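> Sequence and predicted structure below; questions after.
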Amino acid sequence: MKALVTGGGGFLGGVIVRMLRERGDQVRSFSRGAYPELEKLGVEQAQGDLTDSAALLKAAAGCDIIFHVAAKAGIWGGYDEFYQANVIGTENVLAACRAHGIGKLVYTSSPSVVFDGSDVEGGDESLPYPAHFEAHYPETKALAEQVVLAANGPELATVSLRPHLIWGPGDNHLVPRIIAKGKSGRLRRIGNRPCLVDTVYVDNAARAHLLAADRLTPDSPLAGKAYFISNNEPVPLWEIVNRILGAAGVAPVSGTISPQLAYTLGIVCETAWKLFNLSGEPPMTRFVAKELGTAHWFDISAARRDLGYEPEVSLDEGLRRLKEWLEQ
């Protein structure tokens, strides 16, 4: 098949592109920049922004499927920035599918679209969208996911995947943030509960996308549905944080603050950043305080049943590969 991958130059998108090329598929990447590593893989590159409907329309021409991976992620920023990239951008992708008669769309969502700030232990796809979000990213991703699933029909089959906390070699978001904060001595455990959290190694997340693409048809069980994707190895949150720090040769987290104090600090920091128009991200936000102080792991039975998904790279093996990559 010929696939368009939005965000093909990014962390997850790049691995999806590599896997598609390894099995002989034609790939076109749509990103804001040009990437030499994609050129080496024989990937056609189209440059543009998700909000540029004309650029997306041009990039999608001649494709059989779109993997919509690109998004504006992060814990801080103006609502309109997130809405334009995540909601309007997704609507533009859907419009390109319809204009060119593209019959398949695999959308990369996030488990945060159902996170209401409380513990999620073994939650499945029946979890509802919350009435309130603590950050713009999960809110706009939830809106986009609903648009994608509502678009499913005889002419366009859609599916949404929710990979949880993707990490691995090449990570430009989660792992670097953990390491930077660990080195600065600014990381603190939030609470003393052993909250279990599951994550997903990047190759497992990418493979789930290919599995979904191969099984997606208008009459398939996965059409119009969302699926949680993880390594299915929940461990205490601060254990995985400390193991990532250990892979980088950084000392483990030792200090602790209460969940109540962390949430209060989040309110104070957010207020100060907005009031004084401070640059960069606040050191704490309400969303981060809730994320780091609660359990969140998910039942992947549906992905196993409908996608044939099994995490092939274990947590231990992934950490070994991460350590090797960091050392290089």
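Thanks, I have it. Numbering: from 1, shown residues only.

> C-alpha from now on. contacts and neighbour counts both.
Will do.

> Next, name the residue at the spatial heart of this protein.
In the chain, the residue lying closest to the centroid (Cα atoms, centre = their mean) is Ser110, at 5.3 Å.

> Distance of that one relative to Ala59?
Plainly put, Ser110 is 25 Å away from Ala59 if you go by Cα to Cα, to the nearest Å.

> What residues of the lengthiest helix in the chain count as buried?
If each helix of the chain is counted by residues according to DSSP state H, the longest one is helix 259-275. Under the neighbour-count criterion of 16 or more other Cα atoms under 10 Å, helix 259-275 has 259, 262-267, 269-270 buried.

> mind putting those residues in CSV, pLDDT and distance to Glu327 included?
CSV is the format used below for the buried residues of helix 259-275 (pLDDT from 0 to 100; distance: Cα to Cα, whole Å):
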residue, pLDDT, distance to Glu327
Pro259, 93, 34
Ala262, 95, 33
Tyr263, 95, 35
Thr264, 96, 38
Leu265, 95, 35
Gly266, 95, 34
Ile267, 96, 37
Cys269, 96, 35
Glu270, 95, 36
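
> now those as JSON lines including distance to Arg286?
Output for the buried residues of helix 259-275, formatted as JSON lines (distance: Cα to Cα, whole Å):
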{"residue": "Pro259", "distance to Arg286": "10"}
{"residue": "Ala262", "distance to Arg286": "8"}
{"residue": "Tyr263", "distance to Arg286": "5"}
{"residue": "Thr264", "distance to Arg286": "8"}
{"residue": "Leu265", "distance to Arg286": "8"}
{"residue": "Gly266", "distance to Arg286": "5"}
{"residue": "Ile267", "distance to Arg286": "6"}
{"residue": "Cys269", "distance to Arg286": "9"}
{"residue": "Glu270", "distance to Arg286": "8"}
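
> if we take these, which one ends up nearest to Asp119?
Checking the buried residues of helix 259-275 against Asp119 with Cα to Cα, the nearest one is Pro259 at 12.8 Å.

> Contact partners for the closest one?
Counting by Cα atoms under 8 Å, 6 or more residues apart in numbering, Pro259 touches 190-191, 289-290, 293.

> can you check Gln45 too?
Contacts of Gln45 by Cα under 8 Å, 6+ apart are 28-31, 34, 38-39.

> Can you flag the buried ones in these?
With neighbours counted by 16+ other Cα under 10 Å, the contacts of Gln45 contain buried members at 28-31, 38.

> What segments of this structure are helices?
Applying DSSP H to the chain gives helices spanning 11-22, 36-40, 53-60, 79-83, 89-100, 136-150, 174-184, 202-215, 237-247, 259-275, 286-292, 301-307, 315-327.

> got CSV for the ones you listed, with distance to Leu165 too?
Below are those laid out as CSV (distance: least, Cα to Cα, whole Å):
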stretch, distance to Leu165
helix 11-22, 11
helix 36-40, 24
helix 53-60, 27
helix 79-83, 19
helix 89-100, 21
helix 136-150, 13
helix 174-184, 8
helix 202-215, 9
helix 237-247, 11
helix 259-275, 21
helix 286-292, 11
helix 301-307, 17
helix 315-327, 13
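
> Tell me which of those sits nearest to Leu222.
For Leu222, the closest of the helices of the chain is helix 301-307, at 6.2 Å, according to Cα to Cα.

> contacts for the closest one?
Taking Cα under 8 Å, 6+ apart as the rule, helix 301-307 contacts 208, 211-212, 215, 221-222, 227-229, 309-310.

> I would like a ChimeraX command selecting only the buried ones among the residues you listed, please.
ChimeraX command restricting the contacts of helix 301-307 to the buried ones, with burial defined by 16+ other Cα under 10 Å:
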select :208,212,222,227,228,229,309,310
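
> Could you work out the most separated pair of the contacts of helix 301-307?
Pairwise distances across those peak at 17.5 Å for Pro221 and Glu310 (criterion: Cα to Cα).

> Now do the same contact list for Asp171.
Contact analysis of Asp171 by Cα under 8 Å, 6+ apart lists Phe11.

> And it, how far from Ser29?
Here the criterion is Cα to Cα. By it, Asp171 lies 18 Å from Ser29.

> For Pro282, the count of nearby residues, please.
The tally of other residues near Pro282 (other Cα atoms under 10 Å) stands at 18.

> So for the most far-flung residue of the chain relative to its centre, what's the pLDDT?
The centre of the chain is farthest from one residue, Phe276, which by Cα atoms, centre = their mean lies 30.5 Å away. Phe276 carries a pLDDT value of 93.

> Now do it against Pro282, distance only.
Distance from Phe276 to Pro282, by Cα to Cα: 12 Å.

> got it, and His136?
Distance, His136 to Pro282, using Cα to Cα: 14 Å.

> Same check on Arg28?
36 Å.

> which of the contacts of Pro259 tops the neighbour count?
In terms of neighbour count, Gly293 stands highest of these at 26 neighbours, by other Cα under 10 Å.

> is it true that it touches Pro194?
No: assessed by Cα atoms under 8 Å, Gly293 is found out of contact with Pro194, at 9.4 Å.

> Gly255: what's it in contact with?
187-189.

> Out of the residues you listed, which is nearest to Glu233?
Distances from Glu233 to these, taken by Cα to Cα, are shortest for Arg189, at 20.6 Å.
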